[in-house]
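A.B. asks: sequence below, structure please.
(2 chains)
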Amino acid sequence: MKLKKNIATSENGFIFNPATGDSFSSNPIAAEILQMMKDGKSSSQIKAELLDKYHVEELQLERDWDDWMSQLKDANLLEQ
Amino acid sequence: MDKHTKKPLVIAVTGLNAIDSPGPGVAVIRALREGLDRELRIIGFSYESLEPGIYMHDIVDKTYQIPYPSAGIKALFERLNYIHAEEGMEIIIPNFDAELYNFIRLSDRLAEIGIRTFLPNIEQLEARDKINLLKFGKKHKFHVPEDKVINKAEELNKLAEDFGYPLVVKGKYYEAIIAYTIEQAHKAFYKLSAKWGHPIIVQQFINGTEINIAALGDGEGNAISIIPMRKLYITDKGKAWAGITLEDQELIDLANHFVKATKWKGGFELEIMKDAKGHLYIMEVNPRFPAWIYLTAGAGQNQPATLVKMALGEKVAPFTKYEVGKIFIRYSWDHITDVKEFQHLSAYGEL
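C.D. replies: Numbering: from 1, shown residues only, chains lettered A, B, ... in the order given. Here you go, the predicted model:
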């Protein structure tokens, strides 16, 4: 699942959808993941980087990833 | 335009009621003062003595009271002739739905005495009227909610069966009330008919995201400017207290389609509801600039200033870009004036 092309993000975790006017605040890790998504990295690449960088079990990361995707979808930030 | 022209350009503007349900006049004037590269003399036209713009002398140079629309075009033309003799007006920008009919009917006579307007014609005005919106939508293939124009409260019962609840009960010119029961619908009917007269429009409720589009047509089928905005903060009167410019090609396409279909001349606002399926319903077409029009100047497409250029005969190319994510936030400001000013306006009809 890809982030919509026109979604604007900032280093401080602010997310803006220019098509709807919706804005969201995210924590630093979410901001980091969003940036990786914007850079065009695949979900497996992003997950690999997260596993490498943070102390997290793979199973936990998978669960959190599903939750993350669900939040992005609900917020209308993913390509259809 | 020539910045060094000695004589200021004299523009008259209505809608100085910058209140909680504001008229567009003050916002239009701000945009004109910023967007026209020459000296301006702004004449305010007011209907009531406590319209804030009257007393804001850095916004309005001089205000004249004009007769209510119900007084008819003869009374209006007489008053405009008097003001014209005093001020030498070059352009009038009316900003209220209810007064547009009279100004449009007078536009040729105004042109004869040297006053320009840039307005739709009567047919365009009537085609998009709330009363005709459904027919208009079907003709031009726009999504428009089902509605029924009624004159008797008893008709509400049948409509409640047809449309289901909630029902949207709308006044002829302004205001809409959402009714969740037949009692509320009746109350809304009587309230709106007492205030705005008959008929009353009852509309199917569309659930979704409310979006507004301010646009400017050249009268030949071209949209010169289109700015979509989503309300971020809405007052209990349904007015935007804050809003943000959007990037959505479907909204731009819709406004272009509207201008092409109608050959609209002048400013207008589309009130849109985007439902869960992404359908864009036209809920209402306001035949003049909205109160949030200053945001168009802030986003890089100054619609009031562009309208003036077109009214003066300048050929203007359509804007191609604007800033997305520009926000307006309205605010209240206690302006101090003196009773002498209020007294002067009340006694002489001008200030």
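A.B. asks: spatially central residue in chain A, please.
C.D. replies: A:L34 (3.8 Å; Cα atoms, centre = their mean).
A.B. asks: tell me the secondary structure at that residue.
C.D. replies: Per DSSP: H, G, I helix; E, B strand; the rest coil, the local secondary structure of A:L34 is helix.
A.B. asks: which one is it nearest to, not counting chain neighbours?
C.D. replies: Nearest non-adjacent residue to A:L34, counting by Cβ to Cβ, 6 or more residues apart in numbering or on different chains: A:T9, 4.8 Å away. Every C-beta, even on glycine, is put in place using the N, C-alpha and C of the backbone.
A.B. asks: how near is that neighbour to chain B?
C.D. replies: A:T9 sits 13 Å away from chain B, going by Cβ to the nearest Cβ, to the nearest Å.
A.B. asks: pretty sure that residue sits against A:E32.
C.D. replies: No - assessed by Cβ atoms under 8 Å, A:T9 is found out of contact with A:E32, at 10.2 Å.
A.B. asks: what backbone torsions are found at the residue nearest to A:L34?
C.D. replies: Torsion angles at A:T9 (phi, psi; degrees, to the nearest 10) stand at phi -130, psi 160.
A.B. asks: residues contacting it?
C.D. replies: Counting by Cβ atoms under 8 Å, 6 or more residues apart in numbering or on different chains, A:T9 touches A:15-16, A:31, A:34-35, A:38.
A.B. asks: in a markdown table: these, plus pLDDT.
C.D. replies: Output for the contacts of A:T9, formatted as a markdown table (pLDDT from 0 to 100):
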| residue | pLDDT |
| --- | --- |
| A:I15 | 91 |
| A:F16 | 92 |
| A:A31 | 90 |
| A:L34 | 91 |
| A:Q35 | 90 |
| A:K38 | 89 |
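A.B. asks: most neighbours out of those, which is it?
C.D. replies: A:L34 (22 neighbours; other Cβ atoms under 10 Å in any protein chain shown).
A.B. asks: contact residues of chain B facing chain A?
C.D. replies: Listed as neighbours of chain A in chain B under the rule Cβ under 8 Å from any Cβ of the partner chain: B:209, B:230, B:232, B:243-244, B:246-248, B:324-325.
A.B. asks: could the residues you listed go into a markdown table alongside secondary structure, neighbour count and pLDDT?
C.D. replies: What follows is the residues of chain B next to chain A, written out as a markdown table (DSSP: H, G, I helix; E, B strand; the rest coil; neighbours: other Cβ atoms under 10 Å in any protein chain shown; pLDDT from 0 to 100):
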| residue | secondary structure | neighbour count | pLDDT |
| --- | --- | --- | --- |
| B:T209 | strand | 14 | 90 |
| B:R230 | strand | 22 | 95 |
| B:L232 | strand | 16 | 92 |
| B:G243 | strand | 24 | 95 |
| B:I244 | strand | 24 | 96 |
| B:L246 | coil | 22 | 96 |
| B:E247 | coil | 18 | 94 |
| B:D248 | coil | 20 | 93 |
| B:V324 | coil | 19 | 96 |
| B:G325 | coil | 15 | 95 |
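A.B. asks: check the residue nearest to A:L34 and give its pLDDT.
C.D. replies: At A:T9, the pLDDT value in this model is 87.
A.B. asks: hang on, B:V202 in a helix?
C.D. replies: No - secondary structure assignment places B:V202 outside any helix; it is strand (three-state DSSP).
A.B. asks: what about it, neighbour count?
C.D. replies: 25.
A.B. asks: what are the boundaries of the helices in the chain?
C.D. replies: You didn't say which chain, so I picked chain A. A:28-38, A:43-53, A:58-74 (DSSP state H).
A.B. asks: chain B was what I was after
C.D. replies: Under DSSP H, chain B gives helices at B:25-35, B:72-87, B:97-112, B:122-127, B:133-140, B:155-163, B:182-196, B:249-262, B:294-298, B:303-311, B:339-348.
A.B. asks: I'd guessed B:A176 sits against B:K237; true?
C.D. replies: No - if you go by Cβ under 8 Å, B:A176 and B:K237 don't touch, sitting 10.1 Å apart.
A.B. asks: and the two? Which one has more around it.
C.D. replies: Between B:A176 and B:K237, counted using other Cβ under 10 Å, B:A176 has the larger neighbour count: 17 against 11.
A.B. asks: residues touching the more buried one, list them.
C.D. replies: Per Cβ under 8 Å, 6+ apart, neighbours of B:A176: B:168-170, B:203, B:238.
A.B. asks: any chance of these in JSON lines, plus pLDDT?
C.D. replies: Below are the contacts of B:A176 laid out as JSON lines (pLDDT from 0 to 100):
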{"residue": "B:V168", "pLDDT": "90"}
{"residue": "B:V169", "pLDDT": "93"}
{"residue": "B:K170", "pLDDT": "91"}
{"residue": "B:Q203", "pLDDT": "90"}
{"residue": "B:G238", "pLDDT": "81"}
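A.B. asks: make a PyMOL selection of the buried ones in those residues.
C.D. replies: Only the buried entries of the contacts of B:A176 go into this PyMOL selection, using 16 or more other Cβ atoms under 10 Å in any protein chain shown:
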select buried, chain B and resi 168+169+170+203
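A.B. asks: around chain B, which positions in chain A sit nearby?
C.D. replies: Residues of chain A lying near chain B (Cβ under 8 Å from any Cβ): A:6, A:8, A:16, A:18-21.
A.B. asks: highest neighbour count among these?
C.D. replies: A:G21 leads the residues of chain A next to chain B on contacts (other Cβ under 10 Å) with 23 neighbours.
A.B. asks: okay, and the beta partners of the residue lying closest to it once chain neighbours are set aside?
C.D. replies: Sequence neighbours aside, B:R230 is the residue nearest to A:G21 in space, at 3.7 Å (criterion: Cβ to Cβ, 6+ apart). B:R230 has these beta-bridge partners by DSSP bridges: B:I211, B:I244.
A.B. asks: so what's the closest residue to chain A within the stretch 1-150 of chain B bridging to?
C.D. replies: Closest residue of the stretch 1-150 of chain B to chain A, Cβ to the nearest Cβ: B:H143 (18.3 Å). With DSSP bridges applied, B:H143 shows beta-bridge pairing to B:Y281.
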